[in-house]
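> I would like the atomic coordinates for the input below:
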Amino acid sequence: MRNLSIAVTCIIALSYWLWKQSSALQAELESLKSQRSGLSETSSRHSEFDHEDSVIQISRPAMSTIEEATSELSRYLWGNSTKHALLGDEIFKLEQDQLPEVLEILTDGPLFTSNKFGIGASALQALFEHWSRLDLQEAKAIADTLAGDSKTVALRGILMHLIDTDLDAAIELASSHPIKSRTVGMGEMLSGPVIAEIAKRDPQKAAEFVKNGDPSDEMTSGMFTVTRIWAETDPLAALEWIQQQADWGMKSMVIANVHTNWAKSDPKAAIDSALLLEDSNAREDSLGAVIGEWAHQDEEAALTYLTNGLPESDRSVSLFERAGAFFCHASLDSVLGAAQRIDDIELREGFISRAAERRSDYDGNALELASHLREGALKDRVFESVMKNWVQFDLKAASDWLGAMQDSPSRDVAVRALTDKLVDSDPERAIQWAASIANTEQREKSIESLAEEWLKNDSETAIQWIEQTGTLSQTTKDRILR
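Alright, predicted model coming up:
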């Protein structure tokens with residue numbers, strides 16, 4: 001027990017050293033030291049922190065049990081991959097006879113149950129990877145006694161050991177256990193790295209493993225992992241293997257994934273390969289993905305190919321919409337300049353509309369982009385979509401922009417999207433906005449709908465406001481209150 005306490009204390013000491021080096025967290029450390037100091041005046045259980053020449057000396061009477069130590073530790077290692085690796089290094093130093101006790105702490109204590117997606121999972125995986133090195137059969141037997149997420153994580157630790165020592169045995173073990181089950185999201189999260197490690201060593205074996213072990217939706221997820229890695233070394237072999245498989249729901253997207261990752265090193269070769277695809281969906285998915293990846297590397301080259309190099313038969317609205325989505329982070333002038341180089345108005349508006357919709361959650365220029373669309377159903381749809389997203393992130397900016405906009409059908413659509421956001425928190429303001437809708441019929445319908453919603457939530461206040469306001473005509477008031 002004493003050795004185990006020393007091991008955990010080492011973990012904490014090393015972790016605090018890393019934490020101490022981060023200037024971004026310096027203020028938090030000072031606050032913690034202050035809190036500890038206050039606690040020591042009223043309790044005999046306290047921790048002392050001394051830092052000299054990058055060495056932490058910790059006395060831990062406050063951590064009288066291993067459970068307390070691991071619970072405290074979890075607060076400082078959350079979400080930091082470097083520190084997670086450091087924790088694994090410390091676990092790898094434990095003796096075999098210490099492992100059952102650590103397992104009990106990790107599976108029964110707060111470290112795993114309250115933090116199963118962070119430090120708890122890292123610690124448990126490292127424990128079973130280490131256990132497998134010392135005694136593989138015992139590690140398997142112990143893992144089989146676990147259940148749910150604990151078993152999933154334990155199996156991943158064993159697999160990580162086997163992947164380095166016996167790849168076929170790793171695949172056999174993974175195939176015989178439900179590590180890819182979606183138990184509270186854990187299985188999917190943990191299966192990806194296992195598949196990735198297999199793919200790094202033998203991508204075709206990894207692909208066969210995914211193919212034989214998953215239903216179609218999870219097969220696609222696994223195949224994205226495998227083909228991403230396979231495309232880095234031999235994209236043609238990856239494509240040949242996929243093409244030989246029977247169709248499944250998102251096969252074309254997996255083919256596009258190969259081309260996307262191929263384009264990172266050679267976009268022109270990836271384009272040429274995509275153009276050879278006979279399946280129209282796979283061809284369009286791949287072309288769109290490659291042009292998008294190309295745009296991240298060289299925006300001008302990708303745009304030149306899109307406007308001048310793309311075969312006429314592949315110039316579809318949906319493909320130009322895909323391209324617009326990849327230009328959503330470009331400046332407003334860049335997007336509009338790109339759009340002006342697209343001669344066909346349908347293709348141009350497809351490009352602009354998707355660029356606007358994709359940037360609507362972070363940039364008010366989305367509506368400026370959308371304003372360059374022709375009046376009609378497409379412009380109305382984009383204005384509605386953009387406003388619904390924008391008000392979630394910056395209600396004031398969205399309201400200010402809309403307030404300066406001239407009356408138009410697209411403004412009316414955007415106002416209705418704004419009032420849908422406001423009605424629960426500020427129904428009076430929502431109705432006032434609705435009163436600015438230019439179309440008479442739409443204005444009356446919107447006001448009545450908002451007032452009825454207000455009456456459901458707070459009838460007394462709503463009735464009082466409706467009776468006193470000058471925003472509504474008497475006819476409208478009577479119709480709402482009847």
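> alpha carbons only for contacts and neighbour counts from here, please
Fine.
> buried set for the host helix or strand of residue 128?
Secondary structure assigned from DSSP states H and E places residue 128 in helix 119-134. By neighbour count on 16 or more other Cα atoms under 10 Å, the buried set for helix 119-134 is 119-133.
> where does this protein have low pLDDT?
Filtered on pLDDT under 70, the chain yields the residue ranges 1-88, 108-119, 177-192, 213-220, 360-363.
> correct me, but residue 96 touches residue 131?
Yes: here residue 96 lies in contact with residue 131, judged by Cα atoms under 8 Å, at a distance of 7.1 Å.
> stretch 240-250: how far from the chain's middle?
Here the centre of mass of C-alpha atoms in stretch 240-250, compared against the chain's by Cα atoms, centre = their mean, to the nearest Å, lies 27 Å away.
> actually stretch 147-162, sorry about that
With Cα atoms, centre = their mean as the basis, the mean position of stretch 147-162 lies at 24 Å from the chain mean.
> buried set for that stretch?
Neighbour-count burial for stretch 147-162 flags 149-162 (criterion: 16+ other Cα under 10 Å).
> kindly report the same for stretch 407-422.
Within stretch 407-422, the residues that count as buried by 16+ other Cα under 10 Å are 409-422.
> how about stretch 460-477?
462, 463, 466, 471, 472, 477.
> narrow the residues you listed to those in helices?
Using DSSP state H, the members of these that fall within helices are 462, 463, 466, 477.
> for the last one, which non-adjacent residue is spatially closest?
Using Cα to Cα, 6 or more residues apart in numbering and skipping the chain neighbours, the partner closest in space to residue 477 is residue 466 (6.4 Å).
> where along this protein do the strands fall?
Assigned strands in the chain, in chain order: 48-52, 55-59 (criterion: DSSP state E).
> what sits against residue 435?
Contact criterion Cα atoms under 8 Å, 6 or more residues apart in numbering gives 443, 444, 447, 471 as the residues in contact with residue 435.
> equivalent analysis for residue 338, please.
Listed by Cα under 8 Å, 6+ apart, the contact partners of residue 338 are residue 303.
> coming back round to it: what would the buried residues of stretch 407-422 look like in TSV with distance to residue 401?
Formatted as TSV, those follow (distance: Cα to Cα, whole Å):
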residue	distance to residue 401
409	16
410	13
411	10
412	13
413	14
414	11
415	11
416	14
417	14
418	11
419	14
420	17
421	16
422	16
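> among the residues you listed, which are in helices?
Helix and strand membership here follows DSSP H; of the buried residues of stretch 407-422, those in helices are 409-422.
> check those residues and tell me the two furthest apart.
Among those, the pair separated by the greatest distance (Cα to Cα) is 409 and 422, at 20.2 Å.
> ok, residue 135 - how many residues close by?
By other Cα atoms under 10 Å, the residues close to residue 135 number 12.
> now residue 165
Counted with other Cα under 10 Å, residue 165 comes out at 12.
> list the contacts of the nearest residue to residue 366 once chain neighbours are set aside.
Computed as Cα to Cα, 6+ apart, the closest residue to residue 366 that is not its neighbour in sequence is residue 356, at 4.5 Å. For residue 356, the set of contacting residues under the criterion of Cα under 8 Å, 6+ apart consists of 328, 365, 366, 367, 369, 370, 382, 386.
> try it again at 7 Å.
Under the criterion of Cα atoms under 7 Å, 6 or more residues apart in numbering, the neighbours of residue 356 are 328, 366, 367, 369, 370.
> residues contacting the first one?
When the contact criterion is Cα under 7 Å, 6+ apart, the partners of residue 328 are 355, 356, 358, 359.
> now, the buried residues of stretch 147-162 that are in helices?
Cross-referencing the buried residues of stretch 147-162 against helices under DSSP H gives 149-162.
> list just the nearest of the buried residues of stretch 407-422 to residue 397.
Lowest distance from residue 397 to the buried residues of stretch 407-422 (Cα to Cα) belongs to residue 418, with 11.5 Å.
> which ones are touching that closest one?
Residue 418 sits next to 387, 388, 391 when contact means Cα under 7 Å, 6+ apart.
> among those residues, which lie within helices?
Of the positions in the contacts of residue 418, 387, 388, 391 sit in helices, assigned by DSSP H.
> from residue 95, how far out is the residue nearest to the last one when sequence neighbours are not counted?
Right, residue 391. Ranked by Cα to Cα, 6+ apart and with sequence neighbours excluded, the top spatial neighbour of residue 391 is residue 398, at 5.9 Å. Summarising the geometry, the distance separating residue 398 from residue 95, computed by Cα to Cα, to the nearest Å, is 61 Å.
> neighbour count: these two, which is higher?
Summary of the neighbour comparison: residue 398 and residue 95, criterion other Cα under 10 Å, with residue 398 having more neighbours (23 against 13).
> got the contact list for stretch 130-142?
Counting contacts by Cα under 7 Å, 6+ apart, the residues outside stretch 130-142 that touch it are 92, 96, 128, 158, 161.
> and if we set it to 10 Å?
The list of residues contacting stretch 130-142 from outside it, by Cα atoms under 10 Å, 6 or more residues apart in numbering, reads 88-89, 91-96, 99-100, 103, 124-129, 143-144, 151, 154-155, 157-162, 165, 173.
> likewise for stretch 231-239?
For stretch 231-239, the surrounding residues in contact (Cα under 10 Å, 6+ apart) are 200, 203-204, 207, 226-230, 241-243, 254-265, 270, 273.
> just how off-centre is stretch 240-256 within its chain?
If you compare the mean C-alpha spot of stretch 240-256 with that of the full chain, they lie 24 Å apart, counting by Cα atoms, centre = their mean.
> list the buried residues in that stretch.
Along stretch 240-256, these residues count as buried under the neighbour rule (16+ other Cα under 10 Å): 242, 251, 252, 253, 254, 255, 256.
> show me which of those residues is closest to residue 377.
Nearest to residue 377 among the buried residues of stretch 240-256, with distances taken as Cα to Cα, is residue 253, at 29.0 Å.
> who are the neighbours in contact with the closest one?
Contacts for residue 253 were tallied using Cα under 10 Å, 6+ apart; they are 220, 223, 224, 259, 281, 282, 283, 284, 285, 286, 289.
> might one say that the second one is in contact with residue 241?
Okay, so that is residue 223. No: assessed by Cα atoms under 10 Å, residue 223 is found out of contact with residue 241, at 11.4 Å.
> mutual contacts of the two, please.
Listed as contacting both residue 223 and residue 241 by Cα under 10 Å, 6+ apart are 207, 208.
> residue 160 contacts residue 127, correct?
No: using Cα under 10 Å, residue 160 makes no contact with residue 127, being 11.3 Å away.
> returning to that earlier point: of the contacts of residue 253, which is the most crowded?
Neighbour counts for these peak at residue 259, which has 34 neighbours (criterion: other Cα under 10 Å).
> can you tell me the closest non-neighbouring residue to that residue?
With Cα to Cα, 6+ apart as the criterion, residue 259 has its nearest non-adjacent residue at 5.4 Å, and that residue is residue 270.
> residue contacts, the one you found?
Residue 270 sits next to 235-236, 256, 258-264, 286-287, 289-291, 294 when contact means Cα under 10 Å, 6+ apart.
> how about 8 Å then?
For residue 270, the contact set (Cα under 8 Å, 6+ apart) comprises 259, 260, 262, 263, 290.
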